[in-house]
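**Student:** what shape does this take:
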Amino acid sequence: MSVMKALVYGGKNVFAWKNFPKPTILHPTDVIVKTVATTICGSDLHILKGDLPEVKPETVLGHEAIGVVESIGDNVRNFSIGDKVLVSCITSCGSCYYCKRNLQSHCKTGGWKLGHDLNGTQAEFVRIPYGDFSLHRISHEADEKAVLMLSDILPTAYEVGVLAGNVQKGDSVAIVGAGPVGLAALLTVKAFEPSEIIMIDTNDERLSASLKLGATKAVNPTKVSSVKDAVYDIVNATVRVKENDLEPGVDVAIECVGVPDTFATCEEIIAPGGRIANVGVHGTKVDLQLQDLWIKNIAITTGLVATYSTKDLLKRVSDKSLDPTPLVTHEFKFSEFEKAYETSQNAATTKAIKIFLSAD
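**Tutor:** The predicted model follows:
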């Protein structure tokens with residue numbers, strides 16, 4: 001049996017970069033990818049904390065990667081050995097009811113598999129089921145840091161936040177949470193030319209980063225008496241609101257944290273006819289203030305990324321209209337995986353946003 005190195009989950013708060021069986025072709029639609037680069041996601045940290053008990057010990061973590069095709073199953077048609085590829089965080093069969101309706105995250109035999117139900121991408125090699133629909137070919141000269149951000153956080157923020165929020169030119173947009181996904185929402189919403197992009201977060205350094213990336217205003221809830229009033233003051237000063245005597249509030253509120261307080265903020269600041277797009281992963285119930293919201297004609301959307309937008313985002317990265325490289329704050333080699341996890345787990349002090357791990 002051939003072996004490789006992999007980041008293996010050993011149970012709550014236990015993980016190690018160690019020898020592990022190298023994957024092989026199990027089904028004719030499989031592709032084996034030699035991993036060139038990968039990263040660490042918030043969901044990986046949740047697994048380590050024991051928040052996802054369905055993930056069993058001895059599972060290789062990770063669902064984001066760039067790599068090179070090493071071998072393919074007999075039924076693979078879209079890829080050849082030696083192709084450089086982006087691994088999608090979502091596995092898609094390409095033919096079921098959900099996949100045909102761009103709900104690949106609910107694929108009957110796919111969805112979030114890598115680093116969850118199946119061994120993932122934080123390894124020297126990874127088996128990709130349904131390779132024809134779960135990989136994207138990229139240029140060998142592609143900017144790996146930029147492209148790697150399209151495995152998960154860019155499509156997540158774009159699809160579940162920006163597109164679901166139906167952002168229109170001239171809209172006022174508030175993004176609640178300036179973490180990796182919130183900043184990804186900021187990067188992707190700019191193309192829609194909103195009149196205001198208001199970032200809301202308790203971390204001043206991340207707010208400063210968001211202003212450098214294109215946010216027009218920043219609000220720290222710990223430094224204002226009322227987030228609602230602060231947002232209203234910003235929006236009320238816009239030409240659109242003044243000229244049309246509009247009621248206060250933002251047109252789109254994108255929630256990127258996943259806790260009750262941040263969802264409540266979205267409910268408080270949304271304008272009549274507005275849209276709340278919930279991207280954050282909630283682990284506890286939230287209060288829906290329907291008694292206040294029903295009369296405002298708002299829409300609320302939620303969702304798990306489907307990755308149907310990845311091809312579009314790849315084109316935007318290729319033509320330089322989208323540059324996600326500022327999200328990468330730290331770099332490590334695979335042999336430094338344990339140090340990389342420590343850096344991610346202590347993001348408040350290390351100032352980590354996204355980590356780029358490359359093969360030794």
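**Student:** so which helix or strand takes in the nearest residue to residue 280 once chain neighbours are set aside?
**Tutor:** Nearest residue to residue 280 in three dimensions, chain neighbours excluded: residue 258, at 2.9 Å (Cβ to Cβ, 6 or more residues apart in numbering). Where C-beta positions appear, they are placed from N, C-alpha and C, glycine not excepted. Assessed by DSSP states H and E, residue 258 sits outside every helix and strand.
**Student:** what's near enough to touch residue 258?
**Tutor:** 280-283 (Cβ atoms under 8 Å, 6 or more residues apart in numbering).
**Student:** repeat the analysis, applying 6 Å as the threshold.
**Tutor:** By Cβ atoms under 6 Å, 6 or more residues apart in numbering, residue 258 lies in contact with 280-282.
**Student:** got the residue ranges for the helices in the stretch 1-150 of the chain?
**Tutor:** Ranges of helices in the stretch 1-150 of the chain, per DSSP state H, counting those that start in this stretch, are 42-49, 131-134, 144-148.
**Student:** convert the C-alpha atoms of the second one to PDB, please.
**Tutor:** Read that as helix 131-134. Provided in PDB are the C-alpha atoms of helix 131-134 (Å, rounded to 0.1, in the frame of the first residue of the first chain):
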ATOM      1  CA  GLY A 131     -14.200  14.700 -11.300                       C
ATOM      2  CA  ASP A 132     -15.900  16.000 -14.500                       C
ATOM      3  CA  PHE A 133     -18.300  18.100 -12.400                       C
ATOM      4  CA  SER A 134     -16.200  18.800  -9.200                       C
END
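**Student:** for residue 359, grab the count of nearby residues.
**Tutor:** Look at residue 359: counted by other Cβ atoms under 10 Å, it has 14 neighbours.
**Student:** report the central residue of the protein.
**Tutor:** residue 153 (1.9 Å; Cα atoms, centre = their mean).
**Student:** from residue 252, how far out is residue 94?
**Tutor:** 31 Å (Cβ to Cβ, to the nearest Å).
**Student:** let me know which of the helices of the stretch 1-150 of the chain is the nearest to residue 202.
**Tutor:** Nearest to residue 202 among these is helix 42-49 (16.8 Å), distances taken as Cβ to Cβ.
**Student:** what are the buried residues along that closest one?
**Tutor:** Using 16 or more other Cβ atoms under 10 Å as the test for burial, helix 42-49 gives 42-44, 47-48.
**Student:** one more: stretch 338-356?
**Tutor:** Within stretch 338-356, the residues that count as buried by 16+ other Cβ under 10 Å are 340-341, 343-345, 347, 352-356.
**Student:** which of those residues fall within helices?
**Tutor:** Using DSSP state H, 340-341, 343-345, 347 are the members of the buried residues of stretch 338-356 that sit in helices.
**Student:** who has more neighbours out of residue 94 and residue 252?
**Tutor:** In terms of neighbours (other Cβ under 10 Å), residue 252 is the more surrounded of residue 94 and residue 252; the figures are 28 against 14.
**Student:** that one and residue 170, how far apart?
**Tutor:** Distance of residue 252 to residue 170, computed by Cβ to Cβ: 11 Å.
**Student:** ok, and for stretch 52-65, which residues are buried?
**Tutor:** Neighbour counts over stretch 52-65 (16+ other Cβ under 10 Å) mark 55, 59-65 as buried.
**Student:** what's next to it, contact-wise?
**Tutor:** Contacts to stretch 52-65, defined as Cβ under 6 Å, 6+ apart, come from residues 6-11, 35, 38-39, 44, 46-47, 87, 89, 114-115, 119-123, 151-152.
**Student:** filter the residues you listed to the buried ones?
**Tutor:** Using 16+ other Cβ under 10 Å, the buried ones in the contacts of stretch 52-65 are 6-9, 35, 38-39, 44, 47, 87, 89, 114-115, 119-123, 151-152.
**Student:** okay but the residue nearest to the centre of the chain is in contact with residue 182, surely?
**Tutor:** No - contact criterion Cβ atoms under 6 Å: residue 153 and residue 182 do not qualify, at 9.6 Å.
**Student:** give me the buried positions along stretch 190-199.
**Tutor:** Buried positions in stretch 190-199, judged by neighbour count with 16+ other Cβ under 10 Å: 190, 192, 194-199.
**Student:** how about stretch 132-152?
**Tutor:** Going by neighbour count (16+ other Cβ under 10 Å), the buried part of stretch 132-152 is 132-136, 138, 142-152.
**Student:** can you get me the start-to-end distance on it?
**Tutor:** Length of stretch 132-152, first residue to last, Cα to Cα, to the nearest Å: 18 Å.
**Student:** same question, stretch 83-91
**Tutor:** Distance across stretch 83-91, first residue to last, is 19 Å (Cα to Cα).
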